[in-house]
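Visitor: Fold the following and give me the result.
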Amino acid sequence: MTSPTRASAARSGPRVLLTHGWGLGTPSGVARHVQELARHLALAGARVTVLCVSTAGYTRFPRPRLADELQGHGLERELGELGVEVVRVDPHPLHWTLDGRPVRRAVERLLERGPLDAVLGFFNEAACLPELLRARGVRFGYLATWLSYRMALSRERTGRGLRGALMRAANRRFVVAPYRQAEILFANSEFTRQELIEVLGCRPERIHVTYLGVRDVFHGLLRARPERVENLLFFGRLAREKGVGDAVAALGRLAGSHPHLSLRILGSGNAEHVRALAQRHGVGARVEILPHQGDERLLAELARAHVALLPSHSESFGLSIAEAQAAGLPVVAYAAGSVPEVVEDGRTAWLAPAGDVEGLARALASAASDPDECFARGLRGRERGARLFRWERTAERVLAGLAGLAGSGQAAA
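Guide: As a prediction, this is how the structure comes out:
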């Protein structure tokens, strides 16, 4: 554990603990959410602690050790200058659903050191906290950011037979029940708000829709009208649900009619599988896969690109989509999850029906055939992002929700 800094001791705002089930430096939207929310809560006067479970993944056994570069030590130093404390906890050795147990022990130690006003969790890592926090008079809530709760808890995801039954029982205990006990939930979108109500059974009056933000550095990229639309960019996890395979398949369908198009993929995951997909769709020479290397590389790729091709199968917000939009890139994507809230189809993006690869290819062809409209939609997207998606607004919304909760004296049912 790091020690609280003098900056944190001088603050007079609420004492807020954020729990996070991955490494602080993991290349993911959730890690970005943790980093920026902690930063802007601190800038707004809150005394913030971030508690991270130091694991690199959910499914492998034994639990993998987190690589040093994913620990986020540089980010910890940056946050420490604002008075944010970072605490790291080893994962449960058996299974990810049990990570709440070491997190509870760590929170007990923090409470011995001093009081907390609120604890906000992300997923299963906060599952063992409701009763402990209620007994100590600490407010408990969730930052509801999961790609899709319906998808995550489905039989397709959990599997069948005994293993599937055990996973569904674990989900009821370590996901559904704690969410229902939360006194407040900050949903990333209206889409996520509806899933919290319909899938998890959370009470609507406890849910606050709180859009995420985009760092200022994305808004500052210079853009010029392209003479021809050539450079496509996908960035994010190389996972099925993020649509990387759909992006490659859509490019393959345009291989003959749009031979000038190429796709650069920036992200972490199974790159060899994606290369095999590109070969299968006849575009192996036109797809380049680059490892995730932080914001500097991402900004360079955004500056080079003409279109962001980001066909996620669902999103609770879609931080990559918002970042592309802030950088002045038009977006080609599926109308899935929260995506129609983050972009405007026909004004800042071309959207296809969810899962319709042929429709995605047609949307991409429309974008590639009209450089002027690409440029215009990119600029309109930048204006929209600057107006709606700012991290300081996210932090203000969270603090206002916690203040209202404290003022009402509301207790969890």
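
Visitor: C-alpha from now on. contacts and neighbour counts both.
Guide: Fine.

Visitor: wait, what's in contact with residue 186?
Guide: Contacts for residue 186 were tallied using Cα atoms under 8 Å, 6 or more residues apart in numbering; they are 141-144, 207-210, 398.

Visitor: Quickly find the element holding it.
Guide: Secondary structure assigned from DSSP states H and E places residue 186 in strand 184-187.

Visitor: same question, residue 275
Guide: Assigning secondary structure by DSSP H and E places residue 275 in helix 271-280.

Visitor: can you map out the helices along the stretch 1-150 of the chain?
Guide: Ranges of helices in the stretch 1-150 of the chain, per DSSP state H, counting those that start in this stretch, are 6-9, 29-43, 73-80, 100-113, 130-136, 149-152.

Visitor: Also the stretch 251-400 of the chain?
Guide: Assigned by DSSP H, counting those that start in this stretch, the helices in the stretch 251-400 of the chain fall at 271-280, 295-304, 319-326, 339-342, 357-368, 371-388, 391-408.

Visitor: closest to residue 113 out of those helices?
Guide: The closest of the helices of the stretch 251-400 of the chain to residue 113 is helix 391-408. By Cα to Cα, the value is 22.0 Å.

Visitor: which helices and strands does that closest one pack with?
Guide: Applying 3 or more Cα pairs under 8 Å, 6 or more residues apart in numbering; DSSP states H and E, one finds that helix 391-408 contacts helix 29-43, strand 184-187.

Visitor: Identify the residues contacting that helix?
Guide: When contacts are taken as Cα under 8 Å, 6+ apart, the neighbours of helix 391-408 outside the stretch itself are 36-37, 40-41, 44, 118, 183-184, 186, 208, 210-215.

Visitor: so where is the stretch 201-350 of the chain shaky, pLDDT-wise?
Guide: Counting by pLDDT under 70, the stretch 201-350 of the chain shows no low-confidence range.

Visitor: rerun that using 80 as the cut-off
Guide: Scanning the stretch 201-350 of the chain for pLDDT under 80 picks out the ranges 292-293.

Visitor: all strands of it, in order?
Guide: Along the stretch 201-350 of the chain, counting by DSSP state E, counting those that start in this stretch, strands occupy 207-209, 231-235, 262-266, 287-290, 307-309, 331-334, 349-352.

Visitor: Same check on the stretch 51-200 of the chain?
Guide: Assigned by DSSP E, counting those that start in this stretch, the stretch 51-200 of the chain shows strands spanning 85-89, 118-121, 139-144, 184-187.

Visitor: Mind listing the strands the longest one pairs with, and their directions?
Guide: Using DSSP bridges, the strands paired with strand 139-144 are strand 118-121 (parallel), strand 184-187 (parallel).

Visitor: what about it, average pLDDT?
Guide: In this model, strand 139-144 has an average pLDDT of 96.

Visitor: One more: stretch 104-115?
Guide: Per-region confidence: stretch 104-115 scores 97 on mean pLDDT.

Visitor: so how far is that stretch off the chain centroid?
Guide: 27 Å (Cα atoms, centre = their mean, to the nearest Å).

Visitor: One more: stretch 354-362?
Guide: Centroid separation between stretch 354-362 and its chain, computed with Cα atoms, centre = their mean, is 24 Å.

Visitor: how about that stretch as CSV, C-alpha atoms only?
Guide: Written as CSV, here are the backbone C-alpha positions of stretch 354-362 (Å, rounded to 0.1, in the frame of the first residue of the first chain):
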residue,chain,number,x,y,z
ALA,A,354,-26.2,-5.2,-35.2
GLY,A,355,-24.5,-8.3,-36.5
ASP,A,356,-25.2,-7.6,-40.2
VAL,A,357,-21.8,-7.8,-41.8
GLU,A,358,-23.2,-7.2,-45.3
GLY,A,359,-24.8,-4.0,-43.9
LEU,A,360,-21.5,-3.0,-42.3
ALA,A,361,-19.8,-3.5,-45.6
ARG,A,362,-22.4,-1.3,-47.3
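
Visitor: Got the phi and psi for residue 306?
Guide: phi -110, psi -30 (degrees, to the nearest 10).

Visitor: That one touches residue 224, doesn't it?
Guide: No: the pair formed by residue 306 and residue 224 falls short of the contact definition of Cα atoms under 8 Å, at 9.5 Å.

Visitor: Which one's more surrounded, these two?
Guide: residue 306 (28 against 9; other Cα atoms under 10 Å).

Visitor: returning to that earlier point: between the strands paired with strand 139-144, which one is closest to residue 96.
Guide: The minimum distance between residue 96 and the strands paired with strand 139-144 falls on strand 118-121, with 14.9 Å, by Cα to Cα.

Visitor: Just the CA trace of that closest one, in PDB.
Guide: Extracted as PDB, the C-alpha positions of strand 118-121 are listed here (Å, rounded to 0.1, in the frame of the first residue of the first chain):
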ATOM      1  CA  ALA A 118     -18.500   5.800  -0.300                       C
ATOM      2  CA  VAL A 119     -17.200   2.800  -2.100                       C
ATOM      3  CA  LEU A 120     -17.900   2.300  -5.800                       C
ATOM      4  CA  GLY A 121     -17.200  -1.000  -7.500                       C
END
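
Visitor: How far off centre is it?
Guide: Taking Cα atoms, centre = their mean, one finds the center of strand 118-121 at 17 Å from the center of the full chain.

Visitor: any residues touching it, and which ones?
Guide: Contacts to strand 118-121, defined as Cα under 8 Å, 6+ apart, come from residues 14-20, 138-143, 402.

Visitor: Spit out the contact partners of residue 389.
Guide: With contacts defined as Cα under 8 Å, 6+ apart, the neighbours of residue 389 are 211-214, 322.

Visitor: The strands of the stretch 51-200 of the chain: which one's closest to residue 276?
Guide: strand 139-144 (34.5 Å).
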